[in-house]
Each structure stands twice: as C-alpha cells, then as structure tokens.
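# structure for this input, please:
(2 chains)
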Amino acid sequence: MEIYLIIMIILMILGSIYSLHAKDLLSAVVAYGIVGFGLVISFLLLYAPDLAIVQVVVEIITLVIMIAVIVNTTHKDEKKIFTTKSSLVNLVVLLIFVGVFFLMFAHIIGVLSYFGQHTMRMAGVYIDSAYEAGSANIVTGILFHFRAYDTLGEATVLFTAVIGVLTVLRQYGKKN
Amino acid sequence: MILFFLCFILFMVGLYGIIMQRNLIKIIIGLAIMEYSVLFFLILIGYIDSATAPIISESFEEALFVDPLPQAMVLTAIVIGLATKALMLSVAIRLYKEYGTFDIRKMNTLKG
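Just a heads-up that it's a prediction; the model follows:
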C-alpha cells in the first residue's frame, strides 16, 4: 500500500520537474497533467473516492483552459535561466526559502503521528452523529450539514472568481 | 515518514518553479504543483491503516473509517483552486495581449 503511494509521488515529482523544464509550453501543460492525475490515483489509494471524482473533473477543466490559453497565444518558452545577475538573486532567495521551509517541516514532523496511525479527535463526533445528517456518505454529510457555511463560502468564492474572469476578459465597455 | 518527505520535495519543486522560471504559464504551473502537494499532505495525514472509505453501508456497520474531516476540507480547496487558476490564466491572457510575450522580464512598463 505504502509502496504504491511512494511510486505515485515519485512519478508526480518527475512529471513536475519535466513540466518546469520543457521547451514547448504545450508539453509543459501535458506533463503538468501527470501531477494532477497522479493525485487522482493517490486519492483512490487513500480511500477518498469523492476527492478522486472532483479532482478528475477539475483537472480536465484546468487542462482544457490551459491548452486553450496556449493555443490562442504562443507555444515557445525563451529559456536563458542562469545568465543575468537577477537570476543569482533568485537562486539565493530560493535557497533561503528552502532552508526556512525545511526547518519548519523538520519541526512539524516530530509532532505528527506516523503514516497510517492517525487518531481522530474531531471527526469522531461527525462519524457518531452521521445519521443526524441523513447521508450515507460522511464527507457529503460534513459538507452539507455540519459545515454548510463553508460550502456557502466556497460558492461565494466561485461566484467572485467567475465575475473576476468575466471582468478581466471583457471585450467591450472600455473607452480607448 | 518518507511519504511526508516526498510531499515536501514536491512542494519544493513548485517553489523552484515560481522563483526561478520567467514564463508566466510555468509560474502558474508551479503554483498549482505547490497546491497539489499540500492537498496530498493533508489527505496523507488523515489516512488510517486497515480502514475503509467513510461511507456507511449495511455490511460495514462498525467499520473503521479514514478521517473524513480533511477530505471534506480538501474537497472545498480543490474547487477553490480551480477558480484561482482560471483567474490567473485570464490575467495571463490579458498580459500577453498587452506585451506580446509571457516573459515577465519584459513586462516592466506601467501602462493601463
């Protein structure tokens, strides 16, 4: 079980590295699809079927939007990374970030329990009173009964994003 | 523990993409990779050995479930991630129409 997850996440790491170094933007987007669909298979292995379904839909929509953007603009990526002085600054910033994040990760990894030995504290209440929500799927019960305000907020964020996309991409109404 | 560390490496690959790349599409890809690594990490924490998916059925009346709370929260985060990605890509289209390139080094003039 754990070995399959390790294989999947190594595949995702390789796909993301290729995606960030591809010369053609179309192949970069397709390699980025490896990460998303690898996440789908990992969700299935981790017994999260709802997440796998949602992730498949979201990943396909994201890839379609990205490919539409690239087809309408350009394929090429002009690459000259390590040439100027500013890229040296970028490298230093990257190393500082990696160091800080690694320190925080090493601190937090001592607090967490080992993989597969998680103890539920909060979700036990949700599971015990699952019949109150009236849903056989506990994840759906949490989303639409116990934490319905979160779902309302999610709908608000989606509405705001749609309004934002329509505003940014509008063709008419601008005075030139 | 090695799974948590590999998740951290995936996060770092996304961070590398954001800081070192100059192409706007690749920066967006790096941001999405970081987001996916965080979602994967949250679901990894909620996993319990020899448990099943959190769905109540007749035959599994007293079964042990994996933690459903991170799954519900990540379900919200995935959809919000789609919205933010669509917004970022639409801004990238506008920038391409303005400057004729995705290279952020050439986007150095402030014009409306």
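# so what's the nearest residue to B:Leu24 once chain neighbours are set aside up against?
Taking Cβ to Cβ, 6 or more residues apart in numbering or on different chains as the measure, B:Leu24 lies nearest to B:Phe102, with 4.4 Å between them; neighbours along the chain are not counted. The C-beta positions use only the backbone N, C-alpha and C, and glycine is treated the same way. For B:Phe102, the contacting residues are A:Leu25, A:Thr73, A:Thr74, A:Asp77, B:Asn23, B:Leu24, B:Ile25, B:Ala92, B:Leu95, B:Tyr96, taking Cβ atoms under 8 Å, 6 or more residues apart in numbering or on different chains as the criterion.
# against A:Asn72, how distant is the first one?
The span separating A:Leu25 from A:Asn72 equals 12 Å under the rule Cβ to Cβ, to the nearest Å.
# looking at the two, which one has more neighbours?
A:Leu25 (24 against 10; other Cβ atoms under 10 Å in any protein chain shown).
# the residue of chain A found nearest chain B: which element?
Residue of chain A nearest chain B, by Cβ to the nearest Cβ: A:Ala161 (3.4 Å). Element membership of A:Ala161 [criterion: DSSP states H and E] is helix A:148-168.
# chain center to that helix, what's the gap?
Here helix A:148-168 shows a centroid-to-chain-centroid distance of 18 Å under the convention Cα atoms, centre = their mean, to the nearest Å.
# same check on stretch A:154-172?
Distance, stretch centre to chain centre, for stretch A:154-172: 20 Å (Cα atoms, centre = their mean).
# and what about the spatially most central residue of chain A, helix, strand or coil?
When chain A is reduced to its mean C-alpha position, the nearest residue by Cα atoms, centre = their mean turns out to be A:Gly36, at 7.5 Å. On the three-state scheme (DSSP: H, G, I helix; E, B strand; the rest coil), A:Gly36 is labelled helix.
# apart from its chain neighbours, what residue comes closest to the residue nearest the centre of chain B?
Central residue check for chain B by Cα atoms, centre = their mean: the C-alpha nearest the mean position is that of B:Glu35, 2.2 Å away. On the basis of Cβ to Cβ, 6+ apart, the spatially nearest residue to B:Glu35 that is not a chain neighbour turns out to be B:Gly81, at 5.2 Å.
# and the least confident helix or strand in chain A by mean pLDDT, is it in reach of chain B?
With mean pLDDT, DSSP states H and E as the measure, the helix or strand of chain A carrying the lowest mean pLDDT is helix A:130-133 (a mean of 77). Yes - looking at helix A:130-133 against chain B by Cβ under 8 Å from any Cβ of the partner chain, the contacts come from A:Ala130.
# contacts for that helix, please.
Contacts with helix A:130-133, where a contact means Cβ under 8 Å, 6+ apart, come from A:Ile138, A:Gly141, A:Ile142, A:Phe144, A:His145, A:Phe146, B:Ile56.
# what number of residues lie near the closest residue to chain A within chain B?
Using Cβ to the nearest Cβ, the single residue of chain B nearest to chain A is B:Ala83, 3.4 Å away. When neighbours are defined as other Cβ under 10 Å, B:Ala83 has 19 of them.
# could you do A:Phe102 as well?
Counted with other Cβ under 10 Å, the neighbours of A:Phe102 add up to 12.
# repeat for B:Arg94
Under the neighbour criterion other Cβ under 10 Å, B:Arg94 is assigned a count of 12.
# what does A:Lys23 give?
As a burial measure, A:Lys23 scores 11 neighbours (other Cβ under 10 Å).
# follow-up on the earlier one: which ones are touching the residue nearest to B:Glu35?
By Cβ under 8 Å, 6+ apart, the residues touching B:Gly81 are A:Val58, B:Ala32, B:Glu35, B:Leu39.
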